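A.B. asks: what follows is a predicted protein model with its sequence.
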Amino acid sequence: MSKYRFVLLDADNTLLDFDRAEEIALQTAFARWEVPLTEAVRARYQVINSRLWEQFERGEVSKEKLQSQRFDELFAELGLPHSGADFNRTYMDALGEQGCSIPGAADVCRRLAQLCPLYLVTNGVSRTQHRRLQGSDITPYIADVFVSEDTGYQKPQKEYFDYVAAHIPGFDRAAALLVGDSLTSDMMGGQNAGIDTCWYNPGGKPNALGVPITYEIARLEELPALVAGA
């Protein structure tokens, strides 16, 4: 019998193909606002957005502020008068239409769901994430979804995982595994919560932060055997 009776799965870039979804949403939003999306603009947006998400994970900025400020900063640098909040609504509407999953993710979820219940744990925006999941092929295998915006906390905060634990029937941290691609939100979150972790690291990145990790996989397809054999 497996050690793990609960599997907590990150959504973006673990099961859902966020990079692809983001690119389509950015192209759609910039086209609607008639702003050229050059490689330089795209690269600058990624720098600004990543910095603000890191601040969000540290509790230094709210989700609402993050969403508008990333575009406010970008447009200020471009010398454009556009409202970041208004542009963000266009972007988030476009993003919500993108439920594409990582190749093979649905089959991995199907196999995992035969072993134990699966739960999504995500720092995404609630309305957008739920819309994306409605159109995703992983949804039939997910028992419940915990979006940070709905909990009042976010990964990697211990309080976020306390909320998750309180809302899963019979939850036992010693029998749970947290799977995700982020060192800062997923792996550090598991450490903060006292939950075993599995780092999904398809790019073979180094653990530059030295975060304790229980397992590491390069392919999602490795996960069912790992859970079954633990």
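C.D. replies: Yes, it's here. Numbering: from 1, shown residues only.
A.B. asks: so how far is residue 173 from the residue most central in space within the chain?
C.D. replies: Within the chain, the residue whose C-alpha comes closest to the C-alpha centroid is residue 12; the distance, by C-alpha atoms, centre = their mean, is 3.5 Å. Applying C-beta to C-beta, to the nearest Å, the value for residue 12 to residue 173 is 24 Å. (Each C-beta comes from the backbone N, C-alpha and C, glycine too.)
A.B. asks: now residue 159
C.D. replies: According to C-beta to C-beta, residue 159 stands 14 Å off from residue 173.
A.B. asks: hang on, the earlier thing: wait, what's in contact with the residue nearest to the centre of the chain?
C.D. replies: If you count contacts by C-beta atoms under 8 Å, 6 or more residues apart in numbering, residue 12 has them with 18, 122, 124.
A.B. asks: which one of those residues sits in the busiest neighbourhood?
C.D. replies: When the contacts of residue 12 are compared by neighbour count (other C-beta atoms under 10 Å), residue 122 ends up highest, at 25 neighbours.
A.B. asks: quick check on the residue lying closest to that one once chain neighbours are set aside: phi, psi?
C.D. replies: Excluding the flanking residues, the one nearest residue 122 by C-beta to C-beta, 6 or more residues apart in numbering is residue 11, at 4.0 Å. The main-chain torsion angles of residue 11 are listed as degrees, to the nearest 10 and equal phi -90, psi -70.
A.B. asks: biggest helix in this structure by residues?
C.D. replies: The helix that spans the most residues within the chain, counting by DSSP state H, is helix 39-57.
A.B. asks: contacting residues around that helix?
C.D. replies: With contact meaning C-beta under 8 Å, 6+ apart, helix 39-57 is reached by 26, 30, 35, 61-63, 66, 69-70, 73-74, 77-78, 123, 154-156, 184-185.
A.B. asks: could you redo the last one with a cut-off of 7 Å?
C.D. replies: Counting contacts by C-beta atoms under 7 Å, 6 or more residues apart in numbering, the residues outside helix 39-57 that touch it are 26, 61, 63, 66, 69-70, 73-74, 77, 154-156, 184-185.
A.B. asks: pull out the buried residues from those residues.
C.D. replies: Taking 16 or more other C-beta atoms under 10 Å as the criterion, what is buried in these is 26, 61, 63, 66, 69-70, 73-74, 154-156, 185.
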